[in-house]
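Student: sequence plus the predicted model coming up.
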Amino acid sequence: MGKVLSSLEFELRMQEFFNFLHKSNDSVGAMRYAQKNLVKFVQSAMTDQGAKLTLEEKSQLNAQMDEVIKAMGLIGYPSSLREQNAEYKRWTRSGRWEDLATQFESEVFALYGLQTHSLVTQTLQTGISVLKTSLCEDKAEDELLSITRGQNDAEMMDDVVHPNGKCPACDPKIRQLSGDLPNSLHTLTQLSCSLTG
């Protein structure tokens, strides 16, 4: 994980440290855990490794050292005062483990060079971008204008669901995939059906 400049191990170790303080209110156990697992982050930030580290790595280590120092300062507080601290609240909030799971997933993708979107989605979007024209978006703008003009709701919903029956890019299910895609320019291009001509 060092290849992708990961802070996941640090985040997990800090989360475990705060679990000692938050769940079991065990300051001694938290101190032992910090001595065993968090000291290495402070030591690596304090040792001079010269040209081995990039500027980004040095700043990450310094930030981690600051986090450890702040966390160690919270050990001395009684639990009632500790819970009022913003830093403590950040580490003990309910969605923290979900954030770590998301970070783990993104760092595994980065480490192994995996895509976050499936190849099927990318292939579909490639095909849709060839078919999508400015008329698809013009139709959507016309729908908004017709809503403001007070068109009958039944007619309006029929138009919204089926804007252009012949255009695959106008299909509501496909439109979700084509929302951020650019329009293709069809000035000299014509698509013709091999069966009907």
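Tutor: Right, received. Where do you want to start?
Student: doesn't E107 make contact with T116?
Tutor: No. Here T116 lies out of contact with E107, judged by Cβ atoms under 8 Å, at a distance of 12.0 Å. Quick note: C-beta positions are derived from backbone N, CA and C, even for glycine.
Student: neighbour count: the two, which is higher?
Tutor: Higher neighbour count among T116 and E107: E107, with 16 against 8, using other Cβ atoms under 10 Å.
Student: settle this for me: the more buried one is touching S6, isn't it.
Tutor: Yes. Assessed by Cβ under 8 Å, E107 is found in contact with S6 at 5.1 Å.
Student: which segments of the protein make up each domain?
Tutor: 2-112, 119-178 (automatic domain parsing).
Student: right, so of those, which gets closest to S194?
Tutor: The closest of the domains of the chain to S194 is domain 119-178. By Cβ to Cβ, the value is 16.0 Å.
Student: and D26, its phi and psi?
Tutor: phi -110, psi 90 (degrees, to the nearest 10).
Student: isn't it right up against F18?
Tutor: No. If you go by Cβ under 8 Å, D26 and F18 don't touch, sitting 11.5 Å apart.
Student: looking at those two, which one has more neighbours?
Tutor: The neighbour count for D26 versus F18, taken as other Cβ under 10 Å, is higher for F18 (20 against 14).
Student: how confident is the prediction for that one, by pLDDT?
Tutor: F18 carries a pLDDT score of 88 in this model.
Student: list the helices and strands the helix or strand encompassing it packs on?
Tutor: Assigning secondary structure by DSSP states H and E places F18 in helix 8-22. In terms of contacts (3 or more Cβ pairs under 8 Å, 6 or more residues apart in numbering; DSSP states H and E), helix 8-22 is packed against helix 27-33, helix 55-75, helix 86-92, helix 96-112.
Student: what about F17, neighbour count?
Tutor: 23.
Student: cool, and K132?
Tutor: Number of residues near K132 (other Cβ under 10 Å) recorded here: 25.
Student: give the contact list for it.
Tutor: A169, S178, L181, P182, N183, S184 (Cβ atoms under 8 Å, 6 or more residues apart in numbering).
Student: between those, which sits nearest L195?
Tutor: For the contacts of K132, the nearest to L195 is A169 (20.7 Å; Cβ to Cβ).
Student: against G179, how distant is the closest one?
Tutor: 11 Å (Cβ to Cβ, to the nearest Å).
Student: counting neighbours, go ahead and name the busier of these two.
Tutor: More neighbours surround A169 than the other of A169 and G179, with 23 against 9 (other Cβ under 10 Å).
Student: what are the phi and psi values at that one?
Tutor: Per degrees, to the nearest 10, the backbone of A169 is at phi -70, psi -20.
Student: my read: it touches T133, true?
Tutor: Yes. Using Cβ under 8 Å, A169 is in contact with T133, at 7.5 Å.
Student: no further questions, thank you.
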